[in-house]
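Peer 1: from the sequence below, what's the structure:
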Amino acid sequence: MKKNESEKMYLEKILERVPPHIKPVSFLVESLGISKESAYRRLRGKIPFTFDEIIKLSVKLRFSLEEIVPNGGNIVFTLHEYPNWGHESYLQAVLTNYQNQIGEIARSKENKIMLSMNHLWPVFICDMEYFFKLFYYKWIRQKYSNTFHLAMCDLVVPPEIKELKKNISESIVLLRSVVLIVDRHIYLNAAKEVQYYYRRKLLNKDEFDAICTDLENSIDKTMQMVLDGKNKAGNEREMYISSLGIFSNNSYVEYDDKVASFSYVYGIRSVKTTDPIACRSHKDSLECLKKNSVLISLSNEELQMDFFNKQKEYIAQLKNDRELFS
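Peer 2: Just a heads-up that it's a prediction; the model follows:
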């Protein structure tokens, strides 16, 4: 690809992503700290964007460099970082990124998502008030060393984050086709986390009971989805129980003519790539995992009941403060 062609593609991507209510010139002036004349010259192609400007705008406008740069055999991964940000701003930025990505997928004419899960994914607990708060609390304690003595009752979830949670939950419901491959002990992993914080007296009894109720409701909701083969909006949902161990949460997405892959390792940010070769490889690995799993949606009632009864047993053990075993 010639230099002027890549610059043209980059400029097109910027104009595509700049919010429609903001003039591109004003956006560049504010984002890059340059004069109007410099912004106009960049938009006209008179002078190129610097590498630092390219990085800054790609982060701000939420697109990956591999969308516009030929990789020559090298795969580009995106991991957004927010150095020195406070926990509220950090989580708000991450959830905004989730909202933008899921919203873009949900608005596409055709979309299909395949994902593997060994623990409850952040985007799937946004409709759970207390378990989400525990997730937020746990993340703060792990990331910010000065919060070691913080109790969950001391944490307040800001209204901006509550609104983002609501928007994400509403967008997920709109996804047309989702294939879930889950670890057979997925709620055990959640229960162990709750028990750990409760036994350390970082959760009070009311919070503990509310979290247990959230988990019970989540199991009931998932069970109904499996029985119906669809969610409350009528969109297709398939659930498989893996016969193999699942070591991290991963997802592969097809929407219209685009593909993307996301990987999470017990964090709130995803490692993302839109490289077609990497995405194809990721899809193949998830397809292989699916072949070693058993479909329980709209079928195999005995396995359905065994699976959900076991998940409910984990929560019963948790509520009675018994040792948790698979």
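Peer 1: show me where this protein has its helices.
Peer 2: For the chain, helices defined by DSSP state H occupy the ranges 3-17, 24-32, 36-43, 51-60, 87-107, 129-143, 159-174, 186-199, 205-228, 276-291, 301-319.
Peer 1: next, format those helices as TSV and append distance to residue 269 and mean pLDDT.
Peer 2: (Glycine included, C-beta is placed from N, CA and C.) Converted to TSV, the helices of the chain look like this (distance: least, Cβ to Cβ, whole Å; pLDDT from 0 to 100):
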stretch	distance to residue 269	mean pLDDT
helix 3-17	20	75
helix 24-32	22	90
helix 36-43	30	89
helix 51-60	13	77
helix 87-107	6	90
helix 129-143	10	93
helix 159-174	15	95
helix 186-199	19	95
helix 205-228	23	97
helix 276-291	17	92
helix 301-319	27	95
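Peer 1: format those as CSV; extra columns: mean neighbour count and distance to residue 117.
Peer 2: Shown next, in CSV, are the helices of the chain (neighbours: other Cβ atoms under 10 Å; distance: least, Cβ to Cβ, whole Å):
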stretch, mean neighbour count, distance to residue 117
helix 3-17, 14, 30
helix 24-32, 17, 36
helix 36-43, 15, 43
helix 51-60, 15, 28
helix 87-107, 18, 16
helix 129-143, 19, 14
helix 159-174, 17, 13
helix 186-199, 19, 6
helix 205-228, 17, 11
helix 276-291, 15, 11
helix 301-319, 16, 13
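Peer 1: which one of those lies closest to residue 270?
Peer 2: Closest to residue 270 of the helices of the chain is helix 87-107 (Cβ to Cβ; 8.3 Å).
Peer 1: measure the nearest residue to residue 213 once chain neighbours are set aside to residue 215 for me?
Peer 2: Leaving out its chain neighbours, the residue that sits closest to residue 213 by Cβ to Cβ, 6 or more residues apart in numbering is residue 130, at 7.6 Å. To residue 215, residue 130 is 9 Å away according to Cβ to Cβ, to the nearest Å.
Peer 1: could you dump the helices of the chain into a markdown table with distance to residue 121 added?
Peer 2: Formatted as a markdown table, the helices of the chain follow (distance: least, Cβ to Cβ, whole Å):
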| stretch | distance to residue 121 |
| --- | --- |
| helix 3-17 | 26 |
| helix 24-32 | 31 |
| helix 36-43 | 39 |
| helix 51-60 | 23 |
| helix 87-107 | 10 |
| helix 129-143 | 10 |
| helix 159-174 | 10 |
| helix 186-199 | 10 |
| helix 205-228 | 12 |
| helix 276-291 | 15 |
| helix 301-319 | 16 |
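Peer 1: what's the closest of these to residue 251?
Peer 2: Of these, nearest to residue 251 by Cβ to Cβ is helix 276-291, at 8.2 Å.
Peer 1: returning to that earlier point: right, and the helices of the chain - which one's nearest residue 81?
Peer 2: The minimum distance between residue 81 and the helices of the chain falls on helix 51-60, with 8.7 Å, by Cβ to Cβ.
Peer 1: just the CA trace of that closest one, in PDB.
Peer 2: Output of helix 51-60 as PDB, limited to C-alpha atoms (Å, rounded to 0.1, in the frame of the first residue of the first chain):
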ATOM      1  CA  PHE A  51       2.800   8.700  14.800                       C
ATOM      2  CA  ASP A  52       1.900  10.000  18.300                       C
ATOM      3  CA  GLU A  53      -1.200  11.700  16.800                       C
ATOM      4  CA  ILE A  54      -2.200   8.500  15.100                       C
ATOM      5  CA  ILE A  55      -1.900   6.600  18.400                       C
ATOM      6  CA  LYS A  56      -3.700   9.300  20.400                       C
ATOM      7  CA  LEU A  57      -6.700   9.500  17.900                       C
ATOM      8  CA  SER A  58      -7.000   5.700  17.500                       C
ATOM      9  CA  VAL A  59      -7.400   5.400  21.300                       C
ATOM     10  CA  LYS A  60      -9.700   8.300  21.600                       C
END
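Peer 1: residue 244 is nearest to which of the helices of the chain?
Peer 2: Of all the helices of the chain, helix 276-291 sits nearest to residue 244, with 6.6 Å by Cβ to Cβ.
Peer 1: and that closest one, what does it pack onto?
Peer 2: Counting contacts by 3 or more Cβ pairs under 8 Å, 6 or more residues apart in numbering; DSSP states H and E, helix 276-291 packs against strand 111-117, strand 177-182, strand 249-255, strand 258-264.
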